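# Structure here, sequence nowhere to be found:
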């Protein structure tokens, strides 16, 4: 019934899933009780006005069936088979097959010399329309792109005619103060398109998110064949979310889960520091990006860790070509309560200590 | 907020939309009250087990975000840019841009000689993977493909290696007895994939439907990039639908709307027969496919009709290349109550009577 697969005896920190008892079951039912017929008929293609307005910029917003769906729509609209798409390294690994649809090629953003890299690709006959990253509380690192680097990236993208796809799904889960400004906000729109989501803040099963983009991109999305046919891509959920937000439930819920996830982050980070060096405390999001002691790799460690009852995602998966990240692992602190996270950190420490 | 645009003074029979007061607002809220946390987290990729089981064939079912979304997914999975896709004539016009995505070419299914037609295309170097039609209570005709023609179509498709995409979204809305067997059922699966929908029977805003297909096609759908990332494509709505069905609400609701739509069909057909010859009464679905008196065309008639306060869709739009159908119009009897439908038929009769 659900995507998560429980493996008995294993504290599984590989899943970026919300904690089940934080899901707003009663609140969602209450919001559903506030609907009228307009929530159940074919919806407006870009999304229902009440939700668009509550998101702040109705002319530059398109409601999606979640961030992954938004990424699929933008890939279809803004790129073509054979194009090169630039991706951050490391970044969200399940974005790779979405972006690589239909024979598109993924290439890492170089650590420096982006403009020259794009020009070289183009001189070689390739189109380079898109660049994808999670600049705020990134997956898997939990880090955010520094302000000056944001500014530089926007400038290069603008100069070279590359659209930045800003996956901004963790923004609301900030634990140590305000989140950095989005690229979308800093650029005043183009050359950025931004993916927002209710999966982390409310509930992933809703499949509800949004895209911020210039009006011509929003128009393009509304004229995609299946959007034109079916109307708004997740209309009833979108109207229900508008009710949830108008009643103040959304804000209260996000405040609550932010506090809980902060506690879980602290529990995991503190426990990891007992056994590991160089443990960063992410200022937001769901992940700790743990460096392993010299000589260890994530994939090498995984079987022993699972035998000891703890699991994670090896770091190399977050590089499109798997070429780096071997000495890191991603640990999610979203899915399990603090006590389990402490125990998981202990098991991980023991696994590393007993290595052959 | 909604897709429908009300134009004051016009009885608009162009929209294949449900009647607003038939939408199960209270019943949906009640089903939403029966959810637990598993409805709100990431769902299984093919859909939640309770809904798959209630649809009858869990291993050969994939839950979609509506029939149009299902068609987009099948097009992506089972065909490639440059392919030829065969479409019925006339058929659902908003399917054309979905099928024509990414440079696919649409060609009409020939009235006879399908096998030779496919072979000729292939000898010319084209791939011909898919054939699309609405064989039961079709849009726009309301007609169903005769039993013998179904059998012949399946045989040719099987022999030639063409997958039939059976858009079966009107099946439940049968007014004069049982609906014909689906192609999917007749073929025992391959070479058919079938699109089902809750848009006409329950509510289109839910964006909820399903695909019946062989297990390898279902597996292919679950491994599409964005499905793998986000899990079930409309999980919460799917679980809510399972609750609605388990409680008997679905069956009661479909029985009720079937009766109402039958009454509306009868009102429109009876009133049209006062002014027109050759009015067929569709045995199911939402549409009357009206032949115009000799010399008239749907697009020629439309401005005068709208001035008189009635609207419709000109018939040529239901041919992929617009090459026929000029002397027919499609009238939907789903959206307006019987009195309005009678008045609309009168206005149409007057428009035709007063033509220059």
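On my side now, so go ahead. Not measured: the values here are computed from a predicted model.
# mind listing what the nearest residue to residue A:65 once chain neighbours are set aside touches?
Computed as CB to CB, 6 or more residues apart in numbering or on different chains, the closest residue to residue A:65 that is not its neighbour in sequence is residue A:207, at 4.3 Å. C-beta: built from backbone N, CA, C; applies to glycine. Counting by CB atoms under 8 Å, 6 or more residues apart in numbering or on different chains, residue A:207 makes contact with A:65-66, A:69, A:199, A:234, A:237, B:65, B:230, B:232-236.
# Give me the subset of these lying in helices.
A:69, A:237, B:230, B:235-236 (DSSP state H).
# Strands of the stretch 1-150 of chain A, start to end?
Using DSSP state E, counting those that start in this stretch, the strands found in the stretch 1-150 of chain A span residues A:11-12, A:61-64, A:84-87, A:105-108, A:130-133.
# now the stretch 251-356 of chain A
A:287-291, A:310-311, A:313-314, A:328-332.
# I'd guessed residue A:316 sits against residue A:330; true?
No - Residue A:316 is not in contact with residue A:330 according to CB atoms under 8 Å; the separation is 10.6 Å.
# ok, which residues in the stretch 201-350 of chain A are in contact with chain B?
Proximity of the stretch 201-350 of chain A to chain B (CB under 8 Å from any CB of the partner chain) is limited to residues A:203-207, A:225-226, A:228-237, A:239.
# Could you give me the ChimeraX syntax to select whichever of these are buried?
Buried residues among these (16 or more other CB atoms under 10 Å in any protein chain shown), as a ChimeraX selection:
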select /A:203,204,205,206,207,225,226,229,230,231,232,233,234,235,236,237,239
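# and residue A:165, that's in a helix?
No - applying DSSP: H, G, I helix; E, B strand; the rest coil, one finds residue A:165 to be strand, outside a helix.
# Run a quick neighbour tally on it.
By other CB atoms under 10 Å in any protein chain shown, 30 other residues sit near residue A:165.
# tell me the contacts of the residue nearest to it when sequence neighbours are not counted?
In space, and not counting its chain neighbours, residue A:165 is closest to residue A:132: 4.6 Å by CB to CB, 6+ apart. By CB under 8 Å, 6+ apart, the residues touching residue A:132 are A:71, A:85-88, A:91, A:95, A:99, A:165, A:167.
# I'd like the residues you listed written out as JSON lines, with pLDDT and distance to residue B:39 added.
Below are the contacts of residue A:132 laid out as JSON lines (pLDDT from 0 to 100; distance: CB to CB, whole Å):
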{"residue": "A:71", "pLDDT": "98", "distance to residue B:39": "24"}
{"residue": "A:85", "pLDDT": "98", "distance to residue B:39": "34"}
{"residue": "A:86", "pLDDT": "98", "distance to residue B:39": "37"}
{"residue": "A:87", "pLDDT": "98", "distance to residue B:39": "33"}
{"residue": "A:88", "pLDDT": "98", "distance to residue B:39": "33"}
{"residue": "A:91", "pLDDT": "98", "distance to residue B:39": "30"}
{"residue": "A:95", "pLDDT": "98", "distance to residue B:39": "26"}
{"residue": "A:99", "pLDDT": "98", "distance to residue B:39": "30"}
{"residue": "A:165", "pLDDT": "98", "distance to residue B:39": "30"}
{"residue": "A:167", "pLDDT": "98", "distance to residue B:39": "25"}
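# re earlier: which one of residue A:316 and residue A:330 has more residues nearby?
The neighbour count for residue A:316 versus residue A:330, taken as other CB under 10 Å, is higher for residue A:330 (26 against 20).
# For the nearest residue to the more buried one once chain neighbours are set aside, give me its contacts.
Among residues not flanking residue A:330 along the chain, residue A:140 sits closest, at 3.9 Å (CB to CB, 6+ apart). Residue A:140 makes contact with A:90-93, A:287, A:289, A:313, A:315, A:318, A:328, A:330 under the criterion CB under 8 Å, 6+ apart.
# which of the residues you listed count as buried?
Buried, going by 16+ other CB under 10 Å: A:90-93, A:287, A:289, A:313, A:315, A:318, A:328, A:330, out of the contacts of residue A:140.
# ok, the closest residue to residue A:261 other than its chain neighbours - contacts?
Using CB to CB, 6+ apart and skipping residues adjacent in sequence, the residue nearest residue A:261 is residue A:173, 5.9 Å away. Residues in contact with residue A:173 (CB under 8 Å, 6+ apart) are A:137, A:200-201, A:257-258, A:261, A:284-286.
# Which of those ranks first by neighbour count?
Most crowded among those, counting by other CB under 10 Å, is residue A:285 at 30 neighbours.
# what's the distance between the helix or strand bottoming out on mean pLDDT in chain A and the middle of its chain?
Ranked by mean pLDDT, DSSP states H and E, the weakest helix or strand in chain A is helix A:225-230, scoring a mean of 94. From the chain centre to the centre of helix A:225-230 is a distance of 26 Å (CA atoms, centre = their mean, to the nearest Å).
# which outside residues touch that helix?
Contacts for helix A:225-230 (CB under 8 Å, 6+ apart): A:42, A:45, A:221-222, A:233, B:65-69, B:71-72, B:94-101, B:199, B:204, B:207.
# try it again with 6 Å
Outside helix A:225-230, the residues that touch it by CB atoms under 6 Å, 6 or more residues apart in numbering or on different chains are A:45, B:66, B:68-69, B:72, B:94, B:97-98.
# residues in the stretch 51-200 of chain A within reach of chain B, list them.
The stretch 51-200 of chain A comes close to chain B at residues A:65-66, A:68-69, A:72, A:94, A:97-98, as judged by CB under 6 Å from any CB of the partner chain.
# please redo it, this time with the cut-off set to 8 Å
So far as CB under 8 Å from any CB goes, the stretch 51-200 of chain A lies against chain B at A:65-69, A:71-72, A:76, A:81, A:94-102, A:199.
# from the residues you listed, which would you call buried?
Buried, going by 16+ other CB under 10 Å: A:65-69, A:71-72, A:76, A:94-101, A:199, out of those.
# Show me what residue of the stretch 251-356 of chain A gets nearest to chain B.
residue A:335 (9.4 Å; CB to the nearest CB).
# check contacts around the residue nearest to that residue when sequence neighbours are not counted.
Of all residues not flanking residue A:335 in the chain, residue A:17 sits nearest, at 4.8 Å (CB to CB, 6+ apart). Counting by CB under 8 Å, 6+ apart, residue A:17 touches A:3-4, A:204, A:332, A:334-335, B:41-42.
# So what does residue A:17 have for phi and psi?
phi -120, psi 150 (degrees, to the nearest 10).
# ok, for the residue nearest the centre of chain A, nearest residue in space, not its chain neighbours?
For chain A, the residue sitting closest to the mean C-alpha position, by CA atoms, centre = their mean, is residue A:169 at 4.5 Å. Of all residues not flanking residue A:169 in the chain, residue A:197 sits nearest, at 4.1 Å (CB to CB, 6+ apart).
# tell me the domain boundaries of chain A?
A:11-16+A:250-353, A:36-248 (automatic domain parsing).
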